[in-house]
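Participant: When you get a sec, could you give me coordinates for this:
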Amino acid sequence: MWLLCAWAPLAFAEGFAIPDFPPRGDVPEAVAETFMSALRAELAARGLRVSSAPLVTAGIAGSLEPAFGELVADLEGTRYAVLGEILERDSLDGPYAVDLVMVDAVGGRSSDLVSRAFGLATQDAVVQDVAAILLAFTVPDVVLPPGDAGLFISTAPSGAEVRVEGTVVGVSGAIDLLNLRPGRYEIEVRLPGYLPEVRSLELRSGDTRFLHVVLTEIVGGSLQVLAFPDAEVWFEGRHAGTTPATLTALPGDVEVELRRPGFVSRSFTVPVRSFRVTRVDAVLEPLGQPMIVWSLDERARVLIDAQLYEEGYALIGVGLRTIEVLQAGEVRRWRRALPEEGVFELDLETGELRLIYP
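Facilitator: Next up, the predicted model:
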């Protein structure tokens, strides 16, 4: 630690300090080394100054702590620093994942956790994706497009920084109604001492959405649980909501199970570390195909060929099907064709079917 504080340059240069991300679990060191070399080369090809920060230890590089990132940038004389780790990840996108956090030492800001799964076949594409994210982090915030779709955001506790599509819109408790162009938006909420939260909302013309986010205080270790498609979370044998979910736990191994009707349940033994966020990201396997699924949170009744399905999915045969959605006293009806295989997500508003598996 003293090495990081022993010397600091007089000025920051635009560029990134990116130390070697340590491998976690059974990740071969060669995989981590290849990924880091490819990432630095990609950033250099995009015209950025990149330092490998050779004096930074693996413990600091893999800490994912913004305060350490500022020290790394200070040591290397760069404005930006990136800390991260490469770990095992059970995903359709590959057996490994990179988790990282970006820090702007001059602007005094940091990113939320960025995580991407990859394998040998997908590494190049993921490297390009991560490089684009790092480059976007250097671009100043832009003005959100105005429109007639309303959004009101509150948090518990209040006083959290709120970002919409990466643009800071203010602090919760002091933000007026936002009037934005209709579309899908990603909302980030951050407060020191609490886990960051991310929500995605679809805003429609003439409507107002109210988003209330209850923040989770950082006590001991934490879990971020994601599933595709969304699923119910059982934590240590107790129901803990639906994904995406953020859970707190004492250090040690904990049991997490993901359940969704129509899909094979999955169980994990997850190591929790003090003051660290451990991520669980799983893809659920369907019991059969073709299948139609829809949101677990929407209060809607779905009928297919006049048969009521009440568990958020329908495992039906190939052919032309009549789909009816009963919601808020309104009935919407469509005719849709199902192919021989695949899992399709039903949009309860438009009746469109979107292939989500395989």
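Participant: Now L308: closest residue in space, sequence neighbours ignored.
Facilitator: Counting by CB to CB, 6 or more residues apart in numbering, the nearest residue to L308 once its immediate chain neighbours are dropped is R301, at 6.4 Å. Where you see a C-beta, it was placed from the backbone N, CA and C, and this is true even at glycine.
Participant: Report the separation between R116 and A45.
Facilitator: Computed as CB to CB, to the nearest Å, the R116 to A45 distance reads 19 Å.
Participant: These two: which has the busier surroundings?
Facilitator: R116 (20 against 10; other CB atoms under 10 Å).
Participant: Now do the SS call for the nearest residue to the more buried one once chain neighbours are set aside.
Facilitator: Of all residues not flanking R116 in the chain, V126 sits nearest, at 4.9 Å (CB to CB, 6+ apart). Under DSSP: H, G, I helix; E, B strand; the rest coil, the three-state class of V126 is helix.
Participant: Would you check that the residue nearest to L308 makes contact with E311?
Facilitator: No - using CB atoms under 8 Å, R301 is not in contact with E311, being 11.7 Å away.
Participant: re the thing from before, give the burial count for the residue nearest to R116, as a bare number.
Facilitator: 21.
Participant: cool, and V331?
Facilitator: Quick note: V331 (other CB under 10 Å) scores 10 neighbours.
Participant: Okay, and it sits in which element?
Facilitator: Assessed by DSSP states H and E, V331 sits inside strand 330-338.
Participant: what comes up buried for that strand?
Facilitator: 336, 338 (16 or more other CB atoms under 10 Å).
Participant: For that strand, which outside residues touch it?
Facilitator: 290, 292, 316-325, 344, 348-349, 351, 353 (CB atoms under 8 Å, 6 or more residues apart in numbering).
Participant: Could you list the domains of this protein?
Facilitator: 2-137, 146-214, 221-283, 291-357 (automatic domain parsing).
Participant: Give me the phi and psi for A73.
Facilitator: With angles defined as degrees, to the nearest 10, A73 sits at phi -60, psi -40.
Participant: how close does it sit to P19?
Facilitator: 11 Å.
Participant: ok now the lengthiest helix in the chain, how far from the chain's centre?
Facilitator: Using DSSP state H to define each element, the chain has its longest helix at helix 29-45. In this view, helix 29-45 has its centroid 22 Å away from the chain centroid, taken as CA atoms, centre = their mean, to the nearest Å.
Participant: who touches it?
Facilitator: Residues from elsewhere that reach helix 29-45 (CB under 8 Å, 6+ apart): 16, 18, 20-23, 50, 52, 86, 96, 98, 118, 123-124, 127-128, 130-131, 134-135.
Participant: remind me which residues of the stretch 1-150 of the chain are low pLDDT?
Facilitator: 1-13, 140-142 (pLDDT under 70).
Participant: for it, what spans make up the strands?
Facilitator: 13-17, 50-51, 78-91, 94-104, 109-110, 114-118, 146-156 (DSSP state E, counting those that start in this stretch).
Participant: just checking, S265 touches R259?
Facilitator: Yes - counting by CB under 8 Å, R259 is a contact partner of S265 at 4.7 Å.
Participant: between these two, who's got more neighbours?
Facilitator: R259 (17 against 14).
Participant: measure that one to G221 for me?
Facilitator: 23 Å.
Participant: Kindly report the same for D305.
Facilitator: 48 Å.
Participant: Looking at those two, which one has more neighbours?
Facilitator: G221 (21 against 13).
Participant: count of neighbours near the nearest residue to E76 once chain neighbours are set aside?
Facilitator: Leaving out its chain neighbours, the residue that sits closest to E76 by CB to CB, 6+ apart is A17, at 3.7 Å. Using other CB under 10 Å, A17 has 26 other residues around it.
Participant: Likewise for the one 4 residues further on?
Facilitator: Residue neighbour count, defined by other CB under 10 Å, stands at 25 for F21.
Participant: Got the phi and psi for it?
Facilitator: For F21, the backbone dihedrals (degrees, to the nearest 10) come out as phi -80, psi 130.
Participant: check contacts around it.
Facilitator: 32, 35-36, 61-62, 83-86, 98, 100.
Participant: Tell me how far it lies from Y357.
Facilitator: For F21, the distance to Y357 (CB to CB) stands at 30 Å.
Participant: Check the burial of the residue nearest to L308 by counting its neighbours.
Facilitator: Using other CB under 10 Å: R301 sits among 12 other residues.
Participant: do R321 as well
Facilitator: Neighbours around R321, by other CB under 10 Å: 18.
Participant: Secondary structure element holding it?
Facilitator: Per DSSP H and E: strand 319-327 holds R321.
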